[in-house]
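In: Structure for the following, please:
(2 chains)
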2 protein chains.
Amino acid sequence: MRVAIAGVTGAVGEEFLRVLEKRNFPVSELRPLASARSAGKTIQFRGKEYTVGELRSDSFKGMDLALFSAGGSVSRAFRQAVVESGAVMVDNSSAFRMDPDVPLVVPEINPADIKIHKGVIANPNCSTIILLMAVYPVMQLAKVSKIIVSTYQASSGAGAQAMQELESQARQHLSGEKMESRIFPFPLAFNAFSHNSAMDVVSGLNQEEEKMVKETYKILHSDSMDIQATCVRIGTLRAHAESIYLETDRELSREEITAALQHFPGVQVEDDRKSNRFPMPLVASGQDDVFVGRIRSGKSKSGQAFVNLFCCGDQILKGAALNAVQIAEKL
Amino acid sequence: MRVAIAGVTGAVGEEFLRVLEKRNFPVSELRPLASARSAGKTIQFRGKEYTVGELRSDSFKGMDLALFSAGGSVSRAFRQAVVESGAVMVDNSSAFRMDPDVPLVVPEINPADIKIHKGVIANPNCSTIILLMAVYPVMQLAKVSKIIVSTYQASSGAGAQAMQELESQARQHLSGEKMESRIFPFPLAFNAFSHNSAMDVVSGLNQEEEKMVKETYKILHSDSMDIQATCVRIGTLRAHAESIYLETDRELSREEITAALQHFPGVQVEDDRKSNRFPMPLVASGQDDVFVGRIRSGKSKSGQAFVNLFCCGDQILKGAALNAVQIAEKL
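Out: This is a model prediction of the structure:
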């Protein structure tokens, strides 16, 4: 396949290259692209050096696949050019996720949706993908009526510069200097704050939370579940964690939940109560799989069956680049 | 009052001194105490230097109040000596919290319980206090049937050395060195992990989570609520955050919840949707009040009334030293 990558110099773009290499994706031609500001830089792919080209409407001629991770406005600006060139766009931005003509796909969950694409397939938001990788296996065992989720999100969700900012802030704090924030609205080092995406002042939900709800409904083809999400950034670099509470229509044992998770591709169970070892961002970083643990289930005082989970996944990999390449593989 | 402080050289012990000073607590005599290892050190109180004495069974003669924060085993070892001396022990450890003869008190919530003490009053666990400061005002508006809480807990809960360890680890990471963990089982810098207290391998709950449930029932004199807690440490220094979901027996408006929280002593509402400003550990650090925000309420798809909150409180102050001194003030 002839593959164009738009936004190749960003945190996710760089990871597209590594994932394509690692998975031996059949790339017959690679066209690395970025904004005029980053064009001219060089990148490495399979031991060969490539010069990054400027992203333009004629960049996609002769391409089969266009992986996009350059922000929603860039995806919107080039959608028509990509589709007209005959390439399929797999887009990591939020631009088209809720577009009824655009499938929103987690390949382990709704691969069949890929078929209905009209030239564009959207990659879900990182926190949605990681949530559903943990919850979907449980949904194979019982009807889930409620999801209450609180996130512990890494700086990488705001890009490579945000990761650098977190480290700079930590350095500043440790030398007794004032922490400087340019990407984030507040210092993230030694801190936590409500997710910095724009907030709907009426609903009180930020966009990250809205995405978690709406994208989940679209991926599952059902909006029957109650979902309450609280999205929070913490001072980690590249793996998101999520604390998840589910209500189910029958009581599930820890054993059957564990088995369902273990058999699900892309999930690893880490649930060692004796040694207190559970999913951690540092361990999930750089890993393809989503780690799930703290599996607790039972019936509440009121008789409601519930399941608690804690999961961690690499925000740049399964949360972005890996999931997009998996979509391309299914094409 | 003649005041002894056991564990005066620890993170909470040091804060006892600052809180007594700040609140002009009537101290006619101060007796700073610690283990043999720390005895002989000096501390400052109201501009005067004191030498730390060794904690012994005869340390409490002539004292009226003994503030303890030296771990559960120390509290257990000296309970009888304190009670026999005629002093009242206000204990920050978990040793006696579930003892039916020992009141467990958050002064804003159940001050009347202090009266039934038999020489010992227990200070609840930090995460319980901070949870209830946010939830109790809502309970004045409606019956709360369910609490789902996920915590974002600071290193200070494991003591002053743990705070230093977090900073050392951050330094190590930033210089490309391996992070060393002595107090915590895993690196906390740029990471998060399931709370490091001992875990019941059958229930899958760690002690921090068990405390949140059992202490809440005791403080509220009711165990009718469903409580699901997931306790997590993140790389912050001294303020805990908690993401809280409540179910109530009637739908509450954001306005009435806000008003109830604003009128509750010791709580500050920080809920500015327009500027995306909500409670943050860095801002809550060193503050007496518990900050509450992200107030969202409504009815779910299934018709269940709910309230979401996000709160932050200084673990060493309201989570420990301040609450203990407030108990002493009520005595």
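
In: Just the C-alphas of the strand or helix carrying A:Ala77, formatted as PDB.
Out: Taking DSSP states H and E as the definition, one finds A:Ala77 inside helix A:72-85. Extracted C-alpha coordinates of helix A:72-85, given in PDB (Å, rounded to 0.1, in the frame of the first residue of the first chain):
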ATOM      1  CA  GLY A  72      -9.400  18.500  13.400                       C
ATOM      2  CA  SER A  73      -9.100  21.600  11.200                       C
ATOM      3  CA  VAL A  74      -6.400  20.000   9.000                       C
ATOM      4  CA  SER A  75      -8.400  16.900   8.600                       C
ATOM      5  CA  ARG A  76     -11.400  19.000   7.600                       C
ATOM      6  CA  ALA A  77      -9.400  21.000   5.100                       C
ATOM      7  CA  PHE A  78      -8.000  17.900   3.300                       C
ATOM      8  CA  ARG A  79     -10.900  15.500   3.500                       C
ATOM      9  CA  GLN A  80     -12.100  16.300   0.000                       C
ATOM     10  CA  ALA A  81      -8.600  16.100  -1.500                       C
ATOM     11  CA  VAL A  82      -8.000  12.700   0.000                       C
ATOM     12  CA  VAL A  83     -11.300  11.200  -1.000                       C
ATOM     13  CA  GLU A  84     -11.000  12.600  -4.500                       C
ATOM     14  CA  SER A  85      -7.500  11.100  -4.800                       C
END
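
In: Which elements pack onto the following helix or strand past that helix?
Out: Reading on from helix A:72-85 to the C-terminus, the next helix or strand found by DSSP H and E is strand A:88-91. Based on contacts counted as 3 or more CB pairs under 8 Å, 6 or more residues apart in numbering or on different chains; DSSP states H and E, the elements that strand A:88-91 packs against are strand A:65-68, helix A:72-85, strand A:120-122, helix A:322-330. Backbone N, C-alpha and C define where each C-beta goes, glycine included.

In: Tell me which residues are up against strand A:88-91.
Out: Counting by CB atoms under 8 Å, 6 or more residues apart in numbering or on different chains, strand A:88-91 makes contact with A:64-69, A:75, A:78-79, A:82-83, A:102, A:117, A:119-123, A:324, A:327-328, A:331, all of which sit outside it.

In: Please indicate which of the residues you listed are buried?
Out: Those of the contacts of strand A:88-91 that meet the buried threshold are A:64-69, A:75, A:78-79, A:82-83, A:102, A:117, A:119-123, A:324, A:327-328, by 16 or more other CB atoms under 10 Å in any protein chain shown.

In: now, which of those lie close to chain B?
Out: Counting by CB under 8 Å from any CB of the partner chain, nothing from those sits close to chain B.

In: Please, where are all the strands along the stretch 51-200 of chain A?
Out: A:53-54, A:65-68, A:88-91, A:120-122, A:144-152, A:192-194 (DSSP state E, counting those that start in this stretch).

In: Please name whichever of these is nearest to A:Arg254.
Out: Using CB to CB as the measure, strand A:144-152 is the one of these that comes nearest A:Arg254, at 16.5 Å.

In: what lines up beside that closest one in the sheet?
Out: In the sheet containing strand A:144-152, the strands it pairs with under DSSP bridges are strand A:226-230 (parallel), strand A:239-248 (antiparallel).

In: could you measure A:Gly303 against B:Ser300, distance?
Out: As judged by CB to CB, to the nearest Å, A:Gly303 and B:Ser300 stand 18 Å apart.

In: Show me which of those two is the more surrounded one.
Out: The residue with more neighbours, out of A:Gly303 and B:Ser300, is B:Ser300; 15 against 8, by other CB atoms under 10 Å in any protein chain shown.

In: residues contacting the more buried one?
Out: Counting by CB under 8 Å, 6+ apart, B:Ser300 makes contact with A:Lys146, A:Asp226, A:Gln228, B:Phe306.

In: just curious, which of those residues is nearest to B:Gln169?
Out: Closest to B:Gln169, out of all of those and judged by CB to CB, is A:Gln228, at 33.3 Å.

In: Show me what that closest one bridges to in the sheet.
Out: In this structure, A:Gln228 bridges to A:Ile148 when assessed by DSSP bridges.

In: List the contacts of it.
Out: Residues in contact with A:Gln228, defined by CB under 8 Å, 6+ apart, are A:Lys146, A:Ile147, A:Ile148, A:Val149, B:Tyr245, B:Ser300, B:Phe306, B:Asn308.

In: can you pick the most crowded of those?
Out: In those, the most neighbours by other CB under 10 Å go to A:Val149, 29 neighbours.

In: Quick one: distance of the helix or strand where A:Arg296 lies to the chain centre.
Out: Per DSSP H and E: A:Arg296 is located in strand A:290-299. Shown here is strand A:290-299, whose average C-alpha point lies 21 Å from the average C-alpha point of the whole chain (CA atoms, centre = their mean, to the nearest Å).

In: Ok, stretch A:165-179 next?
Out: Stretch A:165-179 has its C-alpha centroid displaced from the chain centroid by 27 Å (CA atoms, centre = their mean).

In: and what of stretch A:223-236?
Out: Mean C-alpha position of stretch A:223-236 versus that of the full chain (CA atoms, centre = their mean) differs by 13 Å.

In: what about that stretch, average pLDDT?
Out: Confidence over stretch A:223-236, taken as the mean pLDDT, stands at 98.

In: Only C-alpha atoms, please: export that stretch in PDB.
Out: Provided in PDB are the C-alpha atoms of stretch A:223-236 (Å, rounded to 0.1, in the frame of the first residue of the first chain):
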ATOM      1  CA  ASP A 223     -27.400   4.600  23.500                       C
ATOM      2  CA  SER A 224     -29.300   2.700  26.200                       C
ATOM      3  CA  MET A 225     -26.500   2.900  28.900                       C
ATOM      4  CA  ASP A 226     -26.200   5.600  31.400                       C
ATOM      5  CA  ILE A 227     -22.600   6.900  31.200                       C
ATOM      6  CA  GLN A 228     -21.200   9.400  33.600                       C
ATOM      7  CA  ALA A 229     -17.600  10.400  32.900                       C
ATOM      8  CA  THR A 230     -15.200  12.700  34.900                       C
ATOM      9  CA  CYS A 231     -12.100  13.400  32.900                       C
ATOM     10  CA  VAL A 232      -9.000  14.500  34.800                       C
ATOM     11  CA  ARG A 233      -5.400  15.100  33.800                       C
ATOM     12  CA  ILE A 234      -2.600  13.900  36.100                       C
ATOM     13  CA  GLY A 235       1.200  14.300  35.800                       C
ATOM     14  CA  THR A 236       1.900  11.200  33.800                       C
END
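
In: tell me which residues of that stretch are tucked away?
Out: A:Met225, A:Asp226, A:Ile227, A:Gln228, A:Ala229, A:Thr230, A:Cys231, A:Val232, A:Arg233, A:Ile234, A:Gly235, A:Thr236.

In: Equivalent analysis for stretch A:252-266, please.
Out: Of the residues in stretch A:252-266, A:Leu252, A:Ile257, A:Thr258, A:Ala260, A:Leu261, A:Phe264, A:Gly266 count as buried by neighbour count, 16+ other CB under 10 Å.

In: now the helices and strands packed on strand A:88-91 as CSV including mean pLDDT?
Out: Converted to CSV, the helices and strands packed on strand A:88-91 look like this (pLDDT from 0 to 100):
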stretch, mean pLDDT
strand A:65-68, 98
helix A:72-85, 97
strand A:120-122, 98
helix A:322-330, 97
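
In: do you know which of these lies nearest B:Thr42?
Out: Judged by CB to CB, the one of these that comes nearest to B:Thr42 is helix A:322-330, at 57.3 Å.
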